[in-house]
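Visitor: Give me a 3D structure for the following:
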Amino acid sequence: WASGLMAFTDGRNQESSSECLNAWYGLYLYAKSIEDKNMQRTAASLLAHEMRAAKTYWHSTSDSSVYPEGFSQNKGVGMIW
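Guide: Numbers count the residues shown, from 1 in each chain. As a prediction, the model looks like this:
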């Protein structure tokens with residue numbers, strides 16, 4: 001979460017899927033460079049899950065049922081609490 005280990009007064013604060021994607025990709029590249037196949041598979045899995053979550057929750061489509069109609073018409077999300 002963006003607020004780190006400390007409690008955030010408004011609840012959970014998820015802001016940057018790009019930071020998370022780059023972290024998992026960095027871990028994947030590191031694992032590849034040290035030839036750690038288990039870490040590489042783990043990082044690839046985490047990267048795939050984060051990509052799917054970003055597409056689902058951050059890039060809304062008109063037929064998406066994740067958010068109420070008023071929000072889904074905007075096609076994107078600024079911040080998720």
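Visitor: for this protein, what are the low-confidence residue spans?
Guide: By pLDDT under 70, the weakly predicted segments of the chain are 1-8, 10-15, 70-81.
Visitor: Helices along that one, start to end?
Guide: Ranges of helices in the chain, per DSSP state H, are 17-33, 37-57, 69-72.
Visitor: Next, format the ones you listed as a markdown table and append distance to Thr9 and mean neighbour count.
Guide: Heads up, the C-betas are built off the backbone N, CA and C, glycines and all. Formatted as a markdown table, the helices of the chain follow (distance: least, Cβ to Cβ, whole Å; neighbours: other Cβ atoms under 10 Å):
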| stretch | distance to Thr9 | mean neighbour count |
| --- | --- | --- |
| helix 17-33 | 22 | 15 |
| helix 37-57 | 22 | 14 |
| helix 69-72 | 23 | 11 |
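Visitor: want to throw the ones you listed into JSON lines with distance to Asp63?
Guide: Below are the helices of the chain laid out as JSON lines (distance: least, Cβ to Cβ, whole Å):
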{"stretch": "helix 17-33", "distance to Asp63": "21"}
{"stretch": "helix 37-57", "distance to Asp63": "12"}
{"stretch": "helix 69-72", "distance to Asp63": "8"}
